[in-house]
Each structure stands twice: as structure tokens, then as C-alpha cells.
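**Student:** whatever this is, show me its structure:
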Amino acid sequence: TFVGDSGPVVGFLSSAHILDNTAAFGWTSGHRVLATPLAVVTGLTYNFLPFMILPLYTSLERIDHRLHEAAGDLYATPWTTFRKVTFPMSLPGVVSGTLLTFIPSSGDYVNALLLGSADTKIIDPMS
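**Tutor:** Now for the predicted structure:
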């Protein structure tokens, strides 16, 4: 398979010594990617990223471009423009994207079973 033990992804990550660092953190075990916490997190991110991007994109698209021009005319730096104009006006998209992502991903045990192992926990009740 593509991410199997002898696949190209694991071969690249092993040759770049990335798997050594992830194994030190406990995300992978040796030179394996499947059946590890890293595989579960990567799979959940891949699965639910569109649920966050689409509401955020629609809220950012609705911001009037003239507000950014006005902030520039008032000598606001790009960081100040983001902090005072873009971020507050995109908060509805951030909130809806967070809800659309968190609620289904908190109950998505199928990906944890397929990508992880029986010992892989999504939520650790002891921490």
C-alpha cells in the first residue's frame, strides 16, 4: 500500500529521519506509520478538513475588500488589519467550522479502528 511499511511514504520519512523524531514523541512505533496515533490524527484531519475550510472560506469571501483598503488608508499594518478587520468578521465561519468539525470527529471511532490499533485511544480519560 501507499503508506504501508515498505511504501514510498514510509521510505521517504525513514530516509529523512522524521520517523525517528516521531517515535521519540510516541506518535509512531519504530518505522511504522499505520496503526499509530499519527495515522489516526492524520486521517481525521484529512477527513474533516473540508468541514472547516468551506465555512471559513465563505465567511472570508463575504468580507468587503474596501474595508482592507480603508485600513491601509488609515496606516494600519497588515497584522492590525487582520486583527481588527479580517478576524472579527470571519468569526461566524470560525465558529460554524469548529462546530461542523468537532461534533462529528468526536464520535468518529471508525477511523481510529481502521487507521489505528485496538490500543490507540482518541481521547485519553486519564489526562
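
**Student:** what helix or strand is the residue nearest the centre of the chain on?
**Tutor:** Centre of the chain computed as the mean C-alpha position; nearest residue by Cα atoms, centre = their mean is Thr45, 4.7 Å away. Assigned by DSSP states H and E, Thr45 belongs to helix 37-61.

**Student:** kindly report the same for Ser6.
**Tutor:** Per DSSP H and E, there is no helix or strand for Ser6.

**Student:** burial check on it, number of neighbours?
**Tutor:** Look at Ser6: counted by other Cβ atoms under 10 Å, it has 8 neighbours. For every residue, glycine as well, the C-beta is placed using N, CA and C.

**Student:** give me the distance between it and Tyr46.
**Tutor:** Separation of Ser6 from Tyr46 (Cβ to Cβ, to the nearest Å): 22 Å.

**Student:** now Ala35
**Tutor:** In terms of Cβ to Cβ, Ala35 sits 17 Å off from Tyr46.

**Student:** element containing Val3, please.
**Tutor:** Using DSSP H and E, no helix or strand contains Val3.

**Student:** wait, what's in contact with Leu89?
**Tutor:** Check again: residue 89 is Met, not Leu. Residues near Met89 by Cβ atoms under 8 Å, 6 or more residues apart in numbering: 59, 62-63, 67.

**Student:** got TSV for these, with distance to Val85 and neighbour count too?
**Tutor:** Shown next, in TSV, are the contacts of Met89 (distance: Cβ to Cβ, whole Å; neighbours: other Cβ atoms under 10 Å):
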residue	distance to Val85	neighbour count
Ser59	13	19
Arg62	13	11
Ile63	8	15
Leu67	5	14
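
**Student:** CSV for those residues, including pLDDT and distance to His31?
**Tutor:** Below are the contacts of Met89 laid out as CSV (pLDDT from 0 to 100; distance: Cβ to Cβ, whole Å):
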residue, pLDDT, distance to His31
Ser59, 96, 42
Arg62, 96, 47
Ile63, 95, 46
Leu67, 96, 51
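
**Student:** thank you kindly, that will do.
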